[in-house]
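>>> My questions concern the predicted model and sequence given below.
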Amino acid sequence: MRAQIKISLKKDVLDPQGRAIKKALHQLGFSEISEVRQGKYFEVDIDDSLELMASKVVERMCQQLLANPVVETYSYELVD
Amino acid sequence: MINILDCKITPELVASHGMKPEEYDQLLVMLNREPTITELGIFSVMWSEHCSYKSSRVLLKTLPTEGSCVIQGPGENAGVVDIGDGDCIVFKMESHNHPSYIEPFQGAATGVGGIMRDIFTMGARPIANLNALRFGDPKHPETRRLLSGVVAGIANYGNSVGVPTVGGETDFDSAYNNNILVNVMCIGLAKTEKIFYSAAKGTGLPVIYVGSKTGRDGIHGATMASKEFSFDSQEKLATVQVGDPFAEKLLIEACLELMAGDVILAIQDMGAAGLTSSTSEMADKGGVGIELNLDNVPQRESDMTAYEMMLSESQERMLMVLKPGCESSAEKIFKKWGLDFAIIGYTTDSDRLVVKHNGEVHADIPVAMLVKAAPLYKRPWIETSKPEFIPTSTISTPSNTIESLKLILSHPQGCSRRWIWEQYDHMVMGDTLSRPGGDAAVVRVHGRDKAVAACCDVTPRYVLADPYMGTKQAVAECWRNLISVGADPLAITNNLNFGSPERKDIMGQIVSSVSGMGEACRALDFPVVSGNVSLYNETENQAIPPTPTVGGLGVLRRIDHMVNLAFKEEGNVILLLGPETGHLNQSLYQQIIIGSLSGEPPPIDLLEERRTGDFVRKLINSKKVFAVHDVSDGGLLVSISEMSLAGGKGANLLEYNGNLSTQGVWFGEDQSRYIIEISSVDSHAIIKSAEEAGVKSRVIGHVCGLTLMVGNEKIALEELRMVHEKWFSEYMN
Amino acid sequence: MNVCVIIFPGSNCDRDIKLALQKTAGFKVTMVWHGDSEVPKCDAIILPGGFSFGDYLRCGAIAARTPIMRCVVEKAKSGVPVLGVCNGFQILCELGLLPGSLMRNSRMLFVCRDVYLKVENTDTPFTGSFEKGDVISIPVAHHDGNFFAMQDTLNRLEGEGLVVLRYSDEAGAITSLANPNGAQRNIAGICSSNGRVVGMMPHPERACEMVLGNTDGKLFFKSLKSALTV
């Protein structure tokens, strides 16, 4: 099975990359864009035998490495 | 993707490999059979302009490549010069023009990675990077994106690997709109008795693959670099390689660790044309054959074909031939650094390159056919017509000197490049003695009381007007820049960037340019030890201006020989050394103030160049000089402004009362000139000794206050600084 | 006196800082590979600058999770002085030995230049030889030096006097113009509550020789020497 993990910056953390992308989009004429936040996306393939534990494993992965709890939050989905 | 073993070779397939019908016919005759698709791929890259130098080889042979300091001239991964005490410098310049236009960040980054591999392949630790960049008109819609991508790519790669990027130059010209130039130079430090070469001598020896895994990236990069562009090049995106500076850093450390022992017989990096070029070159130089078993090549993707593996340009890979029995100790080092290590073949006594995959032979080619028998062209050419001679006195010039100075210093061509070099880590390794912004970068030889100096130079507008004179100028300016920091110039590397050699006018530029380079190098004892040729820099018949970039290297035998351009002391005399004719044709003044370029570039008298340079060198070594700067782009007043800004000290310049046009005096670009700062006590004696040495001199003024004063005009240094710094950051914001 | 410098794949200021430690204060320096499980007996630990593990995932994130770091944390907790410079500072934050995080520079560009710094805390083992309020000049060279922490954390840092260095102008004024990377409250360096762990973005090892431009960095290493000698 596969875990699709999204890491994003916490709401109140400044995102200079997102801000730069927003500016670039505005310059390209996407004036209707009001906010851009940049994040990260991971696909992690997990041994099927772990099925019952999978969400616990993913949580631990996020907390221990993939996300920096000081500035980031995470969410994930498990798919077959 | 081509993956059929017995793929039929059609004329279209041959053409899509960038091979001319007559070249394919030559191949059929030599091979005496139809090639396999893998063989066609191998021939197409080895016979490409990029690998074979088929249009330029004849000309390059005319360049002087020997000198007392030269340990290794052209023909190896890089040139090597002796700097005394058992130390030597390994250096080379290379272009990554086409890849950088298609994907500026990765193109420039992998250019830096590639040139560094050429250097540490020879056993040298890279100690400095430089670059020479040419972009289109700042107003062109793509220029900003290309510029920021290229600079970020160079910064990302060099900074991560931890090698300082210490200098270079950047130019804008609409003729580069669709063909930007990214020339990168690397300098490495090695021990004279520990230089590694690529000749695989001896048979039955293991051929080892180390570094990153092989993927499908960059397939046909070498043929791409040898073809003209068309606007659908965007579609070629798939052939751009992606760099991994982290892997490069590990590869440097692992290779240098292995090189400290005595186990490597031959080593070659996998650059353009990857496995194909590296195996052919090692076999050819060693006079052996190589048999490869591609099943053992570390692969990033599954189901790769022999064709793909032989042509892949995945980065951060090396090929080595080890002494028998040393495999396991070598493997241990690479495993420690987390890098792949695989025995992928053996040297043989057959003189053939044999490629096996999945139990089948995919290629079986005599090595000589790939390297020595590559096509060689003596292409027809016509001489560039001599530019019209326009006497400077007939050029009408505005009279407000400071206003003109401000326009030049705030122009894209004349303004500060701080925005660029502040993105480069120019201090890492702790030996950068002279930071970017000076005449040449100076980097200490680690742990020693000596240093090396390096710079990149060419003025394309001069070369366009007169390829012969303009190229002489490029060599001379490079020589002069090294002298200006207190170095003894030793040797150069070059990067010859031109349009299509199949056009007679372009071939004419190449012929004249190489001839001018040879003459200047001979006159200045400044041999060419390495280099790179980049042709076909044109899009829809619009060729770039001829751009023979010269990368110079010099040595400072003692660190306290170093000088820089910053004014030092109030009251000191500012003295101009060298000829003065007020030559405004092809100058920045003509381009920016008058609005269009015309006439002939400033002529160079190489004897006078040498005489003046040798005099300045002696003067510097006698410690009588406080500051030195050469006079180049923009002329005398621009040079003095740069000295004022660097030192934070103003200058009071005498009004010019001679026979030349005033604007010609302040902004003319006469060659072979230096400005020096000396104490008023010494000035009389120095002027006299200049006269005795046959060097012209004239007192320009003295160092004074916080204002630049020219006769009765003046400008505060702070305003001058703002003018100089403004354009770049505003443009890029 | 022995100082350990921890090396990760991708570290690139390890040699520079080793030389600075040896030359300015006569330390014996031991280079420790990240894969080792033990930090040898030592009087201080340095995490050097560079791009450990390519700065992939987040700067310092992977280095902070290498086996050796457990030992570094133990030693830090027992009071061994620890200094993280640039990437080392990022690793200390990822490790949780220091609060906050170093984000992408606000102008999105790598920045390499001399900056002025105001020394605000002289009670750490690395800043004891400075006078409070000294303005010094040291180079920065980073892409991710934009210090970020939640407001309450920032207030705590300020309240407890844990801000060690701040970007300033030549006269010591804390201005936004003097801030090279957008760091909150111009923070360039901080320390742990007990003052034993210090992280800073500027590179003191690059400012230890007149021939390289300036020598203001020497005092960081001399401070350590004095702190360990007492």
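In hand now; what should we look at?

>>> count of neighbours near the residue of the stretch 101-250 of chain B found nearest chain A?
Nearest residue of the stretch 101-250 of chain B to chain A: B:Arg145, at 9.7 Å (C-beta to the nearest C-beta). C-beta: built from backbone N, CA, C; applies to glycine. Using other C-beta atoms under 10 Å in any protein chain shown, B:Arg145 has 11 other residues around it.

>>> Local confidence estimate at B:Leu311?
For B:Leu311, the pLDDT comes out at 91.

>>> hang on, I meant B:Phe229
At B:Phe229, pLDDT is 52.

>>> And for B:Arg673?
Value listed for B:Arg673 in the pLDDT field: 98.

>>> Likewise for B:Thr239?
So B:Thr239 comes in at 60 (pLDDT).

>>> picking that back up, would you check how far apart the residue of the stretch 101-250 of chain B closest to chain A and B:Phe135 are?
According to C-beta to C-beta, to the nearest Å, B:Arg145 stands 10 Å off from B:Phe135.

>>> same deal with B:Met282?
Plainly put, B:Met282 is 37 Å away from B:Phe135 if you go by C-beta to C-beta.

>>> What of B:Lys285?
From B:Lys285 across to B:Phe135, the span is 37 Å (C-beta to C-beta).

>>> higher neighbour count, these two?
Neighbours were counted for B:Lys285 and for B:Phe135 using other C-beta under 10 Å; B:Phe135 has more, 24 against 19.

>>> The more buried one and B:Asp171, how far apart?
Distance, B:Phe135 to B:Asp171, using C-beta to C-beta: 7 Å.

>>> where do the contact lists of those two overlap?
Common neighbours of B:Phe135 and B:Asp171, using C-beta atoms under 8 Å, 6 or more residues apart in numbering or on different chains, do not exist here.

>>> show me where pLDDT drops low in chain A?
Scanning chain A for pLDDT under 70 picks out no residues.

>>> from it, which residue is nearest to chain C?
Residue nearest to chain C within chain A (C-beta to the nearest C-beta): A:Val70, separated by 4.4 Å.

>>> Neighbours of that residue, how many?
Each residue near A:Val70 was counted by other C-beta under 10 Å, and the total is 18.

>>> Likewise for B:Glu403?
Residues within reach of B:Glu403, counting by other C-beta under 10 Å, total 12.

>>> The residue of chain A closest to chain C contacts C:Leu98, correct?
No. Taking contacts as C-beta atoms under 8 Å, A:Val70 lies outside contact range of C:Leu98: 10.4 Å.

>>> All the helices of the chain, residue numbers only.
Going with chain A. All helices of chain A, identified by DSSP state H, fall at A:16-27, A:54-61.

>>> oops, I was thinking of chain C
Counting by DSSP H, chain C has helices at residues C:14-25, C:67-77, C:87-95, C:151-159, C:218-229.

>>> Who does the closest residue to C:Pro202 other than its chain neighbours form a beta bridge with?
Sequence neighbours aside, C:Ile138 is the residue nearest to C:Pro202 in space, at 4.0 Å (criterion: C-beta to C-beta, 6 or more residues apart in numbering or on different chains). The partner list for C:Ile138 in beta bridges (DSSP bridges) reads C:Val115.

>>> Now for C:Ile138: which residues touch it?
C:Ile138 touches C:114-115, C:117, C:202-204, C:206-207, C:214, C:216-217, counting by C-beta under 8 Å, 6+ apart.

>>> Of the residues you listed - the most surrounded one?
Using other C-beta under 10 Å as the neighbour criterion, C:Pro202 leads these with 31 neighbours.

>>> Quick check: pLDDT value at it.
Note for C:Pro202: predicted pLDDT of 98.

>>> cool, B:Leu250 as well?
Note for B:Leu250: predicted pLDDT of 93.

>>> B:Phe498 now?
97.

>>> do C:Ser37 as well
pLDDT for C:Ser37: 84.

>>> and the residue nearest to it when sequence neighbours are not counted, what pLDDT?
Once flanking residues are discounted, C:Ser37 sits nearest to C:Pro67: 5.2 Å by C-beta to C-beta, 6+ apart. The score at C:Pro67 is 87. That number is its pLDDT.

>>> Likewise for B:Ser56?
pLDDT, B:Ser56: 93.

>>> Against which helices or strands is the helix or strand harbouring B:Ile127 packed?
For B:Ile127, the host element (DSSP states H and E) is strand B:125-135. Packing contacts for strand B:125-135, counted by 3 or more C-beta pairs under 8 Å, 6 or more residues apart in numbering or on different chains; DSSP states H and E, involve helix B:104-120, helix B:143-161, strand B:165-172, strand B:181-191, helix B:245-259, strand B:441-444, strand B:451-457, strand B:547-556.

>>> go with 7 Å
On a contact count with 3 or more C-beta pairs under 7 Å, 6 or more residues apart in numbering or on different chains; DSSP states H and E, strand B:125-135 meets helix B:104-120, helix B:143-161, strand B:165-172, strand B:181-191, strand B:441-444, strand B:451-457, strand B:547-556.

>>> Compute the inter-axis angle for that strand and helix B:143-161.
Orientation of strand B:125-135 against helix B:143-161 (axes from the mean of the first three to the mean of the last three C-alpha atoms, to 10 degrees) gives an angle of 180 degrees.

>>> about what we covered before: could you measure from the residue nearest to C:Pro202 over to C:Val85?
Distance of C:Ile138 to C:Val85, computed by C-beta to C-beta: 10 Å.

>>> Can you convert the helices of chain A into CSV and add a column each for distance to B:Gly647 and mean neighbour count?
Formatted as CSV, the helices of chain A follow (distance: least, C-beta to C-beta, whole Å; neighbours: other C-beta atoms under 10 Å in any protein chain shown):
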stretch, distance to B:Gly647, mean neighbour count
helix A:16-27, 36, 15
helix A:54-61, 56, 15
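
>>> Save those helices as JSON lines, and put in distance to chain C too.
Formatted as JSON lines, the helices of chain A follow (distance: least, C-beta to the nearest C-beta, whole Å):
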{"stretch": "helix A:16-27", "distance to chain C": "5"}
{"stretch": "helix A:54-61", "distance to chain C": "11"}
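
>>> of the ones you listed, which approaches chain B most closely?
Of all those, helix A:16-27 sits nearest to chain B, with 9.7 Å by C-beta to the nearest C-beta.

>>> For chain A, which segments are assigned as strands?
Using DSSP state E, the strands of chain A run over A:2-9, A:39-45, A:72-79.

>>> Please identify the most buried of these.
Ranked by mean neighbour count, the strands of chain A are led by strand A:2-9 with a mean of 17 (mean count of other C-beta atoms under 10 Å in any protein chain shown).

>>> and that strand, is it in reach of chain C?
No. Contact of strand A:2-9 with chain C is not found when judged by C-beta under 7 Å from any C-beta of the partner chain; the minimum separation is 8.8 Å.

>>> Could you list every helix and strand in contact with that strand?
Applying 3+ C-beta pairs under 7 Å, 6+ apart, one finds that strand A:2-9 contacts strand A:39-45, helix A:54-61, strand A:72-79.

>>> The first one - contacts with which helices or strands?
Based on contacts counted as 3+ C-beta pairs under 7 Å, 6+ apart, the elements that strand A:39-45 packs against are strand A:2-9.

>>> What lies in contact with stretch B:465-480?
For stretch B:465-480, the external contacting residues (C-beta atoms under 7 Å, 6 or more residues apart in numbering or on different chains) are B:384, B:386-387, B:455, B:457-459, B:462-463, B:489, B:492, B:509, B:512-513, B:515-517, B:519-521, B:524, B:526, B:546, B:548, B:550, B:552, B:586, B:600-601, B:603-604, B:606, B:609, B:613, B:630, B:632, B:671-672.
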